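# got a sequence here, can you model it:
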Amino acid sequence: MSERWQLVFLLRQDRRYKLQDEYQRRCDKTGSDSRLGRLGCSQCLTTHAPWHFSASQPCPDTSPKTRICTGLEGLVGLYEHFSWSAECLWRGACVLEGVQLRCTFEHSLDARGNIYYSLMMPLLNPFLHYLGKGTIEMRRAFPLITIKDGEVTTHQALSNALHTLNGYICPHLRTGSLELFDGQILTAECTGSTAIGGLYPNPCCYDGLGESLSIGGCISWSECRSPNCITRYGLRRVQWSTSPKTDLVLFEVIRTMLSGPTHASWQAQVVRGGSEEEDAIEVNKRRRNKPADCGAQVWACRGLFCAGRYKSRIIEA
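Sure thing, here's the model as predicted:
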């Protein structure tokens, strides 16, 4: 982290601590039968409507100093081996506006097991961007197959690659899911549309992976059909700097969470356990293995980006 971002992070973190202290003092001065006593959320530092809590939370036996809303009762996965407790993700949203986090594990294998050279690896890695006002974007580009320049992608080849890869898209979909494209004939060919703003008239011709995620372009997008899950995904091909000349087919995903834990798009991304017994087993396992600086009440983080370790993982926006 640069000195500038370290200073910004520390200032925001200090402000967060002060808000938490103020919330705790308000709780001390307020009775359990008050609105704060009954409906205060210790992580959002405010009161919510009753329906934003699970059945066991808004009752006299729970404290507003520890109570959390349903949007924080679980975890959010970015991909197969990487997840945050929803609490830690929200903490990041409060102190890391305008920065990006990128996974440092290897993500350059395609569906056939081919490895792309290391200089391109960071562009293929999943990343998370805190956009401010509680809005979070998670992006990922899966390499699928390499084809000869001028060769047309086929439905069968793309379908087989997606099924073989079986990568994580969102809580409701994997690349091998039958409902992924609703029975459409798959293609990664350019649709001929113009990029937003006309900056790149044909972005699929460039190997700037992820460009179409941020500027629109000629990719044909599909959406997750699960209610409130703001997840878009699509296929495209980019020119690859090889000899003989080849193109790389990508499956690109962008997921968006808006406005914080009480928003429907946030809650659509939070994963909760199936049964109380399963929850207890998973919670205990994660708590035993969680970093010492992870203060999550329900789920512990899995992966390297627990909120307490953000400072060493930031990529400036």
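# can we go C-alpha only for contacts and neighbour counts from here?
Fine.
# quick one, what contacts the residue lying closest to residue 37 once chain neighbours are set aside?
Leaving aside its sequence neighbours, residue 37 sits nearest to residue 64 (C-alpha to C-alpha, 6 or more residues apart in numbering; 5.6 Å). Shown in contact with residue 64 (C-alpha atoms under 8 Å, 6 or more residues apart in numbering): 27, 36-42.
# and residue 64, which helix or strand is it part of?
Here residue 64 sits in a region with no helix or strand, counting by DSSP states H and E.
# check residue 235 too.
Per DSSP H and E, residue 235 falls inside strand 230-240.
# next SSE downstream of that strand?
As assigned by DSSP H and E, the chain's next helix or strand after strand 230-240 is strand 246-257.
# that next one to strand 230-240, inter-axis angle?
Put simply, strand 246-257 runs at 160 degrees to strand 230-240, going by axes from the mean of the first three to the mean of the last three C-alpha atoms, to 10 degrees.
# got the contact list for strand 246-257?
With contact meaning C-alpha under 8 Å, 6+ apart, strand 246-257 is reached by 134-149, 169-170, 188, 210, 213, 229-240, 265-266, 269.
# can you tell me the strand partners of that strand and which way each runs?
Partners of strand 246-257 in the sheet, by DSSP bridges, are strand 135-148 (antiparallel), strand 230-240 (antiparallel).
# can you list the ones you listed in TSV and add mean neighbour count, mean pLDDT and distance to residue 257?
Formatted as TSV, those follow (neighbours: other C-alpha atoms under 10 Å; pLDDT from 0 to 100; distance: least, C-alpha to C-alpha, whole Å):
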stretch	mean neighbour count	mean pLDDT	distance to residue 257
strand 135-148	22	87	5
strand 230-240	23	85	7
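# can you redo those strands as CSV with distance to residue 128?
Formatted as CSV, the strands paired with strand 246-257 follow (distance: least, C-alpha to C-alpha, whole Å):
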stretch, distance to residue 128
strand 135-148, 4
strand 230-240, 14
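# show me what contacts the nearest residue in space to residue 68 that is not next to it in sequence?
Closest residue to residue 68 apart from its sequence neighbours, by C-alpha to C-alpha, 6+ apart: residue 41 at 4.9 Å. Residue 41 is in contact with 47-48, 64-69, counting by C-alpha under 8 Å, 6+ apart.
# all helices for the stretch 1-150 of the chain, in order.
With DSSP state H, counting those that start in this stretch as the criterion, the stretch 1-150 of the chain has helices at 3-29, 35-39, 86-95, 121-124.
# now the shortest one: mean pLDDT?
Think helix 121-124. Averaging pLDDT along helix 121-124 gives 62.
# how about the third one?
Throughout helix 86-95, pLDDT has a mean value of 87.
# quick one: that helix to helix 3-29, angle?
120 degrees.
# so what secondary structure elements neighbour helix 86-95?
Helices and strands touching helix 86-95, by 3 or more C-alpha pairs under 8 Å, 6 or more residues apart in numbering; DSSP states H and E, are helix 3-29, strand 75-79, strand 127-132.
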